[in-house]
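Peer 1: Predicted model follows, preceded by the sequence.
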Amino acid sequence: MQRSKAEMIKEAAVRVFASQGFYRARMEAVAHEAGVAVGTIYNYFKSKEEILLSIFQAEFDEQMPLFDELQASSLPIRDQIKQILDEHFCLLRKKKRLARVLLQERFNPGTEFTDKLIGLHRQAVKRIEELIQKGIDQGWVRRCNPSVIASALFAVVQSISVCEMSYPPEKADRLIEDAPSELADFMWSGLKKEGGR
């Protein structure tokens, strides 16, 4: 399947932003990497910020069907957490450059842009919150404040993702390989209700 020009531009932007950083990267570098004229980029995106937001939005949209599928399932909460973590860390391994850009730039840009990114962040945390609330309602999860727990769980996963960027490759690969099971067990041990599955 042939990629659209907008997709080619976004992929080129990820490579440029990952190597140069968002602020230092120039549209000329993105255009060169994509093999298009700078003016062509502006046919699809108004600014670097819009390109980056589009990248964030696409990744968020790609992950949401899993939450919907799990919410409709009867899987135990621990298994749902494990599946979410498996998917997250699998994407991190497959798309290392994109992960670097998402982690480096998520809260750096200007105010309006930051607000849009924080909106996506809140939506992701809300989906985790819903999962925890469902566990409470079904008697698998102990009584707790789902908002606090969801925010903490999201932050733990983000911190492991940051560690992946800072460790030597061998250690980082092992960290990402072990993270889904270790984190699922860690989270579940703190969440499960006595006698919960």
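Peer 2: Cool, the structure landed.
Peer 1: residues of the helix or strand bottoming out on mean pLDDT in the chain that come out buried?
Peer 2: Least confident helix or strand of the chain, by mean pLDDT, DSSP states H and E, is helix 96-105 with a mean of 73. Within helix 96-105, the residues that count as buried by 16 or more other C-beta atoms under 10 Å are 96, 98-103, 105. In this view, the C-beta of every residue, glycine as well, is placed from N, C-alpha and C.
Peer 1: repeat for stretch 73-89
Peer 2: Quick answer for stretch 73-89 (16+ other C-beta under 10 Å): 76-78, 80-85, 87-89.
Peer 1: Out of the residues you listed, flag the one nearest to residue 53.
Peer 2: For the buried residues of stretch 73-89, the residue nearest residue 53 by C-beta to C-beta is residue 88; the value is 20.2 Å.
Peer 1: Does that closest one touch residue 154 like I think?
Peer 2: No: Residue 88 lies out of contact with residue 154 (C-beta atoms under 8 Å); the separation is 10.2 Å.
Peer 1: For this protein, which residues score under the pLDDT cut-off?
Peer 2: 1-2, 104-113, 195-197 (pLDDT under 70).
Peer 1: tell me the domain ranges of it?
Peer 2: Following automatic domain parsing, one finds the domains of the chain at 1-45, 49-191.
Peer 1: Helices of this protein, residue ranges please.
Peer 2: 5-20, 27-34, 38-44, 48-72, 77-94, 96-105, 111-137, 146-166, 169-191 (DSSP state H).
Peer 1: What is the longest one packed up against?
Peer 2: It stands for helix 111-137. The contact analysis (3 or more C-beta pairs under 8 Å, 6 or more residues apart in numbering; DSSP states H and E) places helix 111-137 against helix 48-72, helix 77-94, helix 146-166.
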